[in-house]
Structures are given as structure tokens and as C-alpha cells.
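Trainee: Below are the sequence and a predicted model for it; my questions follow.
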Amino acid sequence: MRPVFRQQGGDLPLLISVPHDGRDIPDDIAARMSDAGRSMPDTDWHVAELYAFAREMGANTVVANYSRYVVDLNRAADDAALYPGQVATGLCPLQTFAGAAIYREGGVDDAEKAHRVETYWRPYHEHIRSTLDALRGQHGYALLWDAHSIPSAVPRLFDGELPHLNLGSNSSASCSPEIEAAVAGVATASRYSSVINGRFKGGYITRHYGAPKDNIHALQLEIAQRAYMNEQSTTMDVAKADDLRNTLRAMLESFLRAAKT
């Protein structure tokens, strides 16, 4: 079995998590999937590559290797809904964002779901927990940036077209207002449209680990994919990606600067 994640250490008090860019699906699961499921349309395409510069900055990184269709690392292990009253994509999804069946027949029973949690979900979260605790022990505080992307329009999940940059702090519960404002200010001043705590306020990772009173500040950034790639072909647009990285770097620098002061 391939490792659940790949990681790199750094000297900054910052951990960047990339939970949805994984493409691996175990053979026994893939054999039961539909064509739609095996094509993994809801992957956060190229997000790990988009943030590769952050490793050179000295950030710690953790990147999932397995598809969110195996288990969604940004959902609670008990599969509690993030946004009550809205369509839930689930811990072990049965449908794509567009509503297509991921499995040809059947689904994922409780025993299999529990196995996937223990095999794929728990190691990733144990790594986040231990890394944040170590960073806080070393620096006195820790920062978590949960990195995501999504198609600009997903009618089943939200109306219209998303802004380019969708920053979430669980309505300021996962990050201090001062730090949040500093990062949001960079997004607002950039060439990209942006919003904070709009449709995406942060998933389980941001909500679970962000604890400002304990000196752990967490933000999620959901990027509309038109900002850096061709959404029809899912290929990265090199020029767009390079431009976006300048803004991402400035946002991360403001995150670090605001937390230090």
C-alpha cells in the first residue's frame, strides 16, 4: 500500500495541508466504481503543485495521496454535516458534486467506512495534530493553512460562480480576527475577487484544529479553479498559476507576519 500522505518539514510555524489533491484509489475500491467515480472529477487538481513554493519558504506540508472518494479527510470521522440544510458530500462519498453515482451498485457500509477511517483518515489527522503541537511547542504558536480548489460553478452545491479566493475561518472561530483580517486584506487588494466566510467557511480540518485561545490559528482557502487552470481539460495554465502564486505567497506572508506581532 502506498503511504497515506507525503510530508515535508520546515522551519516556519506554518503547516499547509492539501487533503483533496490525492489521485490514488485502491484496486478493490476502483473495481466497484462507475466511470464517473474512477475519473475523480471532484479532485482539487494541481493544488499541491500550486503551493510547491511554500516548501521553499520553509513551510511544513502534508499532502494526501488518496482520492477524497476513498475517504474525505476534510470531514469528521462520524460524518457529521458541515453545512446543515445543504447538500452533504460525505465522509465516503456516494455521488460526485454533480450528482453522478460513484459506485456501479451498492455503496460503503459501516464496516468498510470504519476501515477507511482507520487506514487513511486517522494517520493524516494524527500527523496534523502532532505537527501543530510540535510547532506550538517550538514557536509558542502554530498556523494551519488548509489548501483547496473547486470548479467555479457547481450548481448542485451553490448558486452562480464563486469568487476566485474563498477564505474561511469558521466565522472567526478558528483564527483570531486580527490575523484573519490581515490575510483577507491581501486577497481584497489583489487582482482576484474574494470573500471571507462565504459559501465555504472552512471544513472539518479548519474547524477542528483552529483554536486561537490555544495559539493555533487555522484558515481554509478554497480557490475557484478558473484562477489557475483550464476547468474543461483540468490542465494547469502555467501563466495563470504563476500569477496566482504571487498572491498566495503574499497571503501566507501576511498570515505569518500577523501571527508574529
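Mentor: That came through fine.

Trainee: pLDDT weak spots in the stretch 1-150 of the chain?
Mentor: The stretch 1-150 of the chain contains residues with pLDDT under 70 at 83-88.

Trainee: Distance from the chain centre to the one helix or strand H208 maps to, please.
Mentor: H208 belongs to helix 204-209 when assigned by DSSP states H and E. Averaged C-alpha coordinates place helix 204-209 at 10 Å from its chain's average position (CA atoms, centre = their mean, to the nearest Å).

Trainee: Which neighbouring elements make contact with whichever helix or strand comes after that helix?
Mentor: Going down the chain from helix 204-209, the next helix or strand is strand 216-224, by DSSP H and E. On a contact count with 3 or more CB pairs under 8 Å, 6 or more residues apart in numbering; DSSP states H and E, strand 216-224 meets strand 142-150, strand 165-168, helix 177-189, helix 204-209, helix 238-260. (Each C-beta comes from the backbone N, C-alpha and C, glycine too.)

Trainee: Just give the strands next to the second one in its sheet, each with its orientation.
Mentor: Paired with strand 165-168 in the same sheet, following DSSP bridges, are strand 194-196 (parallel), strand 216-224 (antiparallel).

Trainee: Which one of those lies nearest to A114?
Mentor: Among the strands paired with strand 165-168, the nearest to A114 by CB to CB is strand 216-224 (26.3 Å).

Trainee: how distant is the closest one from the center of its chain?
Mentor: Using CA atoms, centre = their mean, the offset of strand 216-224 from its chain centre is 7 Å.

Trainee: Contacts for the next helix or strand after it next, please.
Mentor: Beyond strand 216-224 on the C-terminal side, the first helix or strand identified by DSSP H and E is strand 229-230. Strand 229-230 is contacted from outside by W45, H46, T235, M236, D237, K240, A241, using CB atoms under 8 Å, 6 or more residues apart in numbering.

Trainee: go on, stretch 147-164?
Mentor: 16-20, 42, 44-47, 50-51, 74, 86-87, 89, 97-99, 192-195, 198-200, 203, 220-228, 231.

Trainee: Filter the residues you listed down to just the buried residues.
Mentor: The neighbour-count test (16 or more other CB atoms under 10 Å) marks 16-20, 42, 44-47, 50-51, 74, 89, 97, 192, 194-195, 199-200, 203, 220-228 as buried among the contacts of stretch 147-164.
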